[in-house]
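Enquirer: Sequence plus predicted model, see below.
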Amino acid sequence: MYSYKTQYTQIKYNNIKNNEETGILAEGILTNLNLTHNNISYNHYGIRLDSIDNSYVTMKTNSIRYNVEGISFGPNYIDNKAKDISSNDISSNTGKDVELRDSSYYDTLEIGPNWYGANADYLANICPKLKSGMIQFKLKSGGNGVYMGVFTYNGQTMTDLPPIDVLFIVNGEKIWVTTVNGVATVNFGKNFDKNQAGGILNAIAGVETFQLGITYTENINNNNNGKTPVNGGTGNPGNGGLGGLGIGGNGLGTIGIGTGSPGGSNPSSNQLSEGASSSSGSSSAAQSSTQQAKVINIDDGENLFKIEDSQALGILIIGLLLGSIIVGYMLRRDKKTSF
C-alpha cells in the first residue's frame, strides 16, 4: 500500500503480507494517517515512513511481526510530536523491530509504549537510537486453577493491544491461548492448584519465558464465621412466700405455701438470671403476702436451735397448735369429770 501526499487516510483491519519491498509506504506530505488493527507480516519493511510532514499520525493496535524490519524511518522522515505510535505488537522481526538507521535527522526519536516480545531491554530488538516505553508481561494466579498472562504498562492493563498468542506449559502439557483485551486466560480446573502444588507453571510470550510457582491453601469455612458461640442463661425457680396462719376460737386455719414461677431466661448472656418469687399462699382465716420466709429463732434461754425452712416452720406450728388443742380438750374433759 502506497500513500503519497495524502490527508485523512485510514487503513484498518487488513492483512498486509508477503511483499518483497514494503507493506505500507508513506512519502511526501502526510497528515492525519490512521493505521489501526492491521496484521502486517512477511514483508521486507512492515511499515516505512519517509514523509516530510507527519502531523497527527496514529498507529495503534497493529500486529507487525515476521518482517525483516518492523517499522523503518527513512532518510526523509521529519518527526512531529503530534503522533501516536503505541499499543502495537512489534516483535519477532528478523532485522530490527523498529529501525532508525536510515534517518539522518535525529540522533534519538521517541514513540509510545509497545510490546517488543520481552520485558528485558536487552531482549527487545529495537534500534538504540529509539526511545520507547516497554509494555510488560506478568503471570498471575486467579485461584481455582485459573492463570492469567497480563500485558501492562505503568500498572495498567493494555486493553488496546492486538491479540497476542501466549504458550502455557505445565508438566509437559502445552496450551496456546490468545489474549482478549490484553489478557491471556487459561483454566486448568479447580483441583489443579491442589494437585500441582509445589510445581512450576511456565508461559512463553514473545521471546521470553516466564515462571510462576503453583501454591495451594486449604480454605477452611467455619459455620460461625470464627465467632465463639454464646449460650443463653437459665433462671432458677423462685421460692413462694409463707401464707398467713388463721386462728379463730378453737378453729385452725391452714397454712398456705406459695410456689414461685421459674426465673426468666437470658439468651444473650452466659450469666444466669436470678429467679423471682411470686404467688403467696392463702389461709381460710387470714391472708398474708411475703416475698421471703423469715428466720425464726426458738430460744429457751440457751438458743437451742433456729428454723430457716418455711415448710418445716409450718409443720412445727401445726404440731404446736394441735398439741395445744389436745391439751385444752383434755383439761376441759377433766374439768367436767370432776363435777
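Expert: Arrived safely. In this text, all values refer to a predicted model and were calculated from it rather than measured experimentally. Residues are numbered from 1 along each chain as shown.

Enquirer: Report the separation between the residue lying closest to V177 once chain neighbours are set aside and V170.
Expert: Nearest in space to V177, with sequence neighbours left out and distances taken as C-beta to C-beta, 6 or more residues apart in numbering, is A184 at 4.3 Å. (Each C-beta comes from the backbone N, C-alpha and C, glycine too.) Using C-beta to C-beta, to the nearest Å, A184 is found at 14 Å from V170.

Enquirer: For Y8, which non-adjacent residue is spatially closest?
Expert: In this structure, Y8 finds its nearest non-sequential neighbour in N32, 4.6 Å apart by C-beta to C-beta, 6+ apart.

Enquirer: swap in I78?
Expert: If the residues on either side of it in the chain are set aside, I78 comes closest to I52, at 5.0 Å by C-beta to C-beta, 6+ apart.

Enquirer: Give me the pLDDT for K81.
Expert: Per-residue pLDDT puts K81 at 82.

Enquirer: one step back: the helix or strand harbouring the residue nearest to Y8: partners in the sheet, and parallel or antiparallel?
Expert: Using DSSP states H and E, N32 sits in strand 22-36. Here strand 22-36 has these sheet partners by DSSP bridges: strand 2-4 (parallel), strand 7-12 (parallel), strand 45-55 (parallel), strand 57-60 (parallel).

Enquirer: Tabulate those strands (a markdown table), appending mean neighbour count, mean pLDDT and distance to D165.
Expert: Shown next, in a markdown table, are the strands paired with strand 22-36 (neighbours: other C-beta atoms under 10 Å; pLDDT from 0 to 100; distance: least, C-beta to C-beta, whole Å):
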| stretch | mean neighbour count | mean pLDDT | distance to D165 |
| --- | --- | --- | --- |
| strand 2-4 | 13 | 91 | 30 |
| strand 7-12 | 13 | 94 | 22 |
| strand 45-55 | 22 | 91 | 18 |
| strand 57-60 | 20 | 96 | 19 |
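
Enquirer: Low-confidence ranges, this structure, go.
Expert: Low-confidence segments of the chain, defined by pLDDT under 70: 104-106, 219-313, 332-339.

Enquirer: mind giving me the domain split of it?
Expert: 2-134, 137-213, 237-338 (automatic domain parsing).

Enquirer: Spit out the contact partners of the closest residue to T157 other than its chain neighbours.
Expert: Sequence neighbours aside, G182 is the residue nearest to T157 in space, at 4.9 Å (criterion: C-beta to C-beta, 6+ apart). Going by C-beta atoms under 8 Å, 6 or more residues apart in numbering, G182 touches V150, F151, T152, T157, M158, T159, D160, L161.

Enquirer: Of the residues you listed, which belong to strands?
Expert: V150, F151, T152, T157 (DSSP state E).

Enquirer: Report the buried members of these.
Expert: V150, F151 (16 or more other C-beta atoms under 10 Å).

Enquirer: and the two most separated of the ones in strands among the contacts of G182?
Expert: Across the ones in strands among the contacts of G182, no pair lies farther apart than F151 and T157, at 6.9 Å, counting by C-beta to C-beta.

Enquirer: Now for the two: what residues contact both?
Expert: G182, V183.

Enquirer: rewinding a little: can you report how many residues neighbour the residue nearest to Y8?
Expert: 14 (other C-beta atoms under 10 Å).

Enquirer: can you start the count at 17 instead of 1 from here on
Expert: Shifting the count to begin at 17 puts that one at N48.

Enquirer: Which residues are in contact with it?
Expert: Q23, Y24, T25, S71, Y72, V73.

Enquirer: and the spatially closest residue to the first one that is not a sequence neighbour, how many residues sit next to it?
Expert: On the basis of C-beta to C-beta, 6+ apart, the spatially nearest residue to Q23 that is not a chain neighbour turns out to be T47, at 4.9 Å. The criterion is other C-beta under 10 Å. On that basis, T47 has 17 neighbouring residues.

Enquirer: contacting residues for T47?
Expert: Q23, Y24, D69, N70, S71, Y72.

Enquirer: gap between the second one and S71?
Expert: Using C-beta to C-beta, we find Y24 at a distance of 11 Å from S71.

Enquirer: In CSV, list the C-alpha atoms belonging to stretch 109-122.
Expert: Extracted as CSV, the C-alpha positions of stretch 109-122 are listed here (Å, rounded to 0.1, in the frame of the first residue of the first chain):
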residue,chain,number,x,y,z
ASN,A,109,11.1,-9.4,13.1
THR,A,110,14.4,-10.7,11.8
GLY,A,111,16.2,-7.4,11.4
LYS,A,112,15.0,-4.7,13.9
ASP,A,113,11.6,-4.3,15.3
VAL,A,114,12.0,-0.6,14.9
GLU,A,115,14.9,0.8,12.8
LEU,A,116,16.2,4.4,12.6
ARG,A,117,19.4,3.6,10.7
ASP,A,118,18.3,5.5,7.5
SER,A,119,17.1,8.6,9.3
SER,A,120,19.7,11.3,9.2
TYR,A,121,17.8,14.0,11.1
TYR,A,122,17.7,12.5,14.6
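
Enquirer: S340 in helix, strand or coil?
Expert: helix (DSSP: H, G, I helix; E, B strand; the rest coil).

Enquirer: Report how many residues lie close to it.
Expert: 11.

Enquirer: Surely L183 is in contact with T194?
Expert: No - applying C-beta atoms under 8 Å as the test, L183 and T194 come out as separate, 10.8 Å apart.
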